[in-house]
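Asker: sequence plus the predicted model coming up.
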Amino acid sequence: MFKKIATFILYLFIASLSFAQDSTHNSLTTAPLILSVDTSQQIIKGRTNSAAQINKPYVILISADGFRADFNELYDAKNLNALAKTGVHAKFMTPSYPSVTFPNHYSIVTGLYPAHHGLVDNSYIDVPTGAMYSMGNKKMVAEGKWYGGTPIWVLAEQQKMISASFYWVASEADIQGIKPTYHYVYNEKIDIATRIKAIKNWLSLPEAQRPHLITFYFPQVDHDAHEYGPNDPHVGNAVQFVDSSINALQKELASLSLPINYIFVSDHGMAKVDNVKTLPLPKAIDTAYFTVPWGDTQLHLYSKDKSKIETTYQALKLDTSVTVYKLDETPAYWHYTSKDDRYNRLGDLIVIPHFPKVFNLSKRKTTLGKHGFDNHLVEMRASFTAWGPAFKNGMTIDGFENVNVFPLVAHILGLQYDEKSIDGKFEVLRPILK
């Protein structure tokens, strides 16, 4: 019996390693399989709101991973559509490049493009150390050294304002020595009713301990849009779940009579791809000379031998199934050049499949829905809706870049920051405030 149990545990361990290597979903769900899940609330003791912060407004920043800009209309999200009409709704929000989960969630809360905050992809190599970051590595995800810039919760805590997080990329990490006062290690074991109750409990605390900034994350839409493609009824069900959950959250918090501002965003959109005739690693790429982290809509090529870069580049230019870039050739709106690469984490060459093709570097069948493509592609567009006492009523605005959310939130909360230290501009979203 003992031998069988030991064998089973070994099987789970091997499966977790395999899963981490084949991260087919670019979302928070691609963590390695673990045998136990920490569902307990983490509390940093000894912190209080300063007297200057106690009377500030409240912001709940909500992300629904993969919630494409048109999903609220496509799947009749009645509550979000009503809030869009009574609050502020953007036609779309442009994700930062690459349009994947970890970089974009972190861009939203830092106001920086990925190459500027260091989280350049879901998987990449830190060239100075040779270490490979992967969003599937729970230990790495919790290490603050990977994250540049100043997340909005770090800014708040530095200015003696309590923050809380029910999941957000990097909220588990010790960034500049700071985590949100209240937070959870990411898991999907805690049901939505419990999560909503936790937020109400936070906002019911005495003023000195009450968080004024809360982040909240939904993975469901991304899960199903990857698995079934963006036009499948499963995605509609996931959209309805998010929609009803936000409605339930509002109703639960209404009795508190607090000046709560809600900002609903997503990190990226989703596109249907050709998951049958996928692309293997191009023949021109010799892994004896290049390290290539996992990717499906983008490959970073890190050279082991610099003399091989030019010949590989020229060979890839002859491959009609891909586009290859040297760093100084990438589109300007990507902000993904060698000059932008502040942490030296971009590959020497960037290889992009021609949409709707994707790479498949494993032997497993890949999913039907993908993101990570050019951030100006219509299918990659993200969502933005905001409502509450700080926002104007019944306003629709054109699309804007997601780095502009950070200065908006900072302004509402009255937090000070160096405008030159971020890429976002408060002027972009100033008109949506009362």
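Answerer: Okay, I see it.
Asker: ok, residue 216 - contacts?
Answerer: Contacts for residue 216 were tallied using Cβ atoms under 8 Å, 6 or more residues apart in numbering; they are 60-63, 165-168, 195, 199, 249. C-beta here means a position set from N, CA and C on the backbone, and glycine is covered the same way.
Asker: at 10 Å what do you get?
Answerer: Taking Cβ atoms under 10 Å, 6 or more residues apart in numbering, we find residue 216 in contact with 60-64, 164-168, 195-196, 198-199, 245-246, 249, 262, 264.
Asker: quick one: residue 42 is in a strand?
Answerer: Yes. Under DSSP: H, G, I helix; E, B strand; the rest coil, residue 42 sits within a strand.
Asker: residues in contact with the residue nearest to it when sequence neighbours are not counted?
Answerer: Take residue 42 and drop its neighbours on the chain: the residue closest to it by Cβ to Cβ, 6 or more residues apart in numbering is residue 183, 5.1 Å away. For residue 183, the contact set (Cβ under 10 Å, 6+ apart) comprises 41-44, 153, 163-168, 171-172, 215.
Asker: how about the helices in the chain?
Answerer: Using DSSP state H, the helices of the chain run over 2-21, 71-74, 78-86, 101-110, 114-117, 138-141, 152-158, 192-203, 220-228, 233-254, 309-317, 405-413, 426-429.
Asker: how about the second one: buried residues?
Answerer: Right, the one you point to is helix 71-74. Using 16 or more other Cβ atoms under 10 Å as the test for burial, helix 71-74 gives 71-72.
Asker: give me the domain ranges for the protein.
Answerer: 41-272+377-432, 290-370 (automatic domain parsing).
Asker: looking at those, which is nearest to residue 284?
Answerer: Closest of these to residue 284 is domain 290-370, at 3.6 Å (criterion: Cβ to Cβ).
Asker: how far away is the residue nearest to residue 42 from residue 65?
Answerer: Between residue 183 and residue 65 the computed distance is 18 Å (Cβ to Cβ, to the nearest Å).
Asker: got it, and residue 200?
Answerer: Applying Cβ to Cβ, the value for residue 200 to residue 65 is 23 Å.
Asker: same question for residue 421.
Answerer: Counting by Cβ to Cβ - residue 421 and residue 65 are separated by 27 Å.
Asker: neighbour-wise, which of the two wins?
Answerer: More crowded of residue 421 and residue 65, by other Cβ atoms under 10 Å: residue 65, with 31 against 12.
Asker: run a quick neighbour tally on the closest residue to that one other than its chain neighbours.
Answerer: Leaving aside its chain neighbours, residue 65 sits nearest to residue 222 (3.7 Å; criterion: Cβ to Cβ, 6+ apart). Residues lying near residue 222 (other Cβ under 10 Å) number 28.
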